[in-house]
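Chemist: Coordinates only, no sequence provided:
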């Protein structure tokens, strides 16, 4: 685990494709924290930060794709985020709707497979239908982008266990649970990056993160740029992953 401070690490010229390949990283996950605080620091309403955060999100996904990372997961909206001010929730959903339309239009260019993790029922029938349509449209694309939406790690585990009980299972293995998670089509994340200065997972990928490397940075999400992403991946490449061994 590392808490990053901004400094010049001389990494501007590093060959990220080689670093990604040599490190073995295939799945990176982001807890995109700090949009509201970024806006408040500038005297703007909290929801203004989410629009800027979307731009940072798009850039991060594009860089991951270009550097050879096969799976990206982002924590877009948690089951607890419904408690936020109504106008902020409406703006997040509006931005999501706008992003889905853009993803459809750019499908042939971006080659991204979209999977929405979480309970779609609370999103409303129209937004749920759009999520499902985009998932079907992009199913055969090479880069997987998991968007955690109305997602909570505990709720995911409860859903997985209940689905196994409904099938008549009386004994449940780790493999059974993994096969019923929202992320069942993705490997566990190699690296989880959290921006915004907080040092916790906040109910994100609780099962899947058992051996993920964790990287925390003070950088607020709207300021998370190419250099910040480089720092996180280069730091990952220096880790020794023992998986409980020596």
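Modeler: In hand now; what should we look at? As the structure is a computational prediction, the values presented were derived from the model and not from experiment.

Chemist: ok, residue 35 - contacts?
Modeler: Residues near residue 35 by C-beta atoms under 8 Å, 6 or more residues apart in numbering: 46, 49, 50, 52, 53, 220, 221, 222. The way it works is simple: take the backbone N, C-alpha and C, and place the C-beta from them, glycine included.

Chemist: correction: residue 171
Modeler: Contacts of residue 171 (C-beta under 8 Å, 6+ apart): none.

Chemist: next one: phi and psi at it?
Modeler: Reported as degrees, to the nearest 10, the phi and psi values for residue 171 are phi -130, psi 130.

Chemist: Can I get the contacts of residue 35 in JSON lines including secondary structure, neighbour count and distance to residue 83?
Modeler: Below are the contacts of residue 35 laid out as JSON lines (DSSP: H, G, I helix; E, B strand; the rest coil; neighbours: other C-beta atoms under 10 Å; distance: C-beta to C-beta, whole Å):
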{"residue": "46", "secondary structure": "helix", "neighbour count": "17", "distance to residue 83": "13"}
{"residue": "49", "secondary structure": "helix", "neighbour count": "24", "distance to residue 83": "17"}
{"residue": "50", "secondary structure": "helix", "neighbour count": "23", "distance to residue 83": "16"}
{"residue": "52", "secondary structure": "helix", "neighbour count": "18", "distance to residue 83": "22"}
{"residue": "53", "secondary structure": "helix", "neighbour count": "26", "distance to residue 83": "19"}
{"residue": "220", "secondary structure": "coil", "neighbour count": "23", "distance to residue 83": "21"}
{"residue": "221", "secondary structure": "helix", "neighbour count": "27", "distance to residue 83": "19"}
{"residue": "222", "secondary structure": "helix", "neighbour count": "24", "distance to residue 83": "22"}
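
Chemist: quick one: residue 138 and residue 114 touch, right?
Modeler: Yes: using C-beta atoms under 8 Å, residue 138 is in contact with residue 114, at 5.1 Å.

Chemist: Spell out which helix or strand contains residue 239, please.
Modeler: Using DSSP states H and E, residue 239 sits within no helix or strand.

Chemist: for it, what are its contacts?
Modeler: Applying C-beta under 8 Å, 6+ apart to residue 239 gives the contacts residue 213.

Chemist: Could you report the distance from residue 112 to residue 135?
Modeler: In this view, residue 112 and residue 135 are 11 Å apart by C-beta to C-beta, to the nearest Å.

Chemist: Show me which of the two is the more surrounded one.
Modeler: residue 112 (19 against 13; other C-beta atoms under 10 Å).

Chemist: Quick check: bridge partners of the more buried one?
Modeler: Residues in a beta bridge with residue 112, per DSSP bridges, are residue 143.

Chemist: quick one, what contacts it?
Modeler: Each residue near residue 112 by C-beta under 8 Å, 6+ apart is listed here: 61, 65, 103, 138, 141, 143, 144, 145.

Chemist: Confirm residue 182 sits in a helix?
Modeler: No: remark: residue 182 does not belong to a helix; assigned using DSSP: H, G, I helix; E, B strand; the rest coil, it is coil.

Chemist: Let me know how buried it is, in neighbour terms.
Modeler: For residue 182, the count of nearby residues is 23 (other C-beta under 10 Å).
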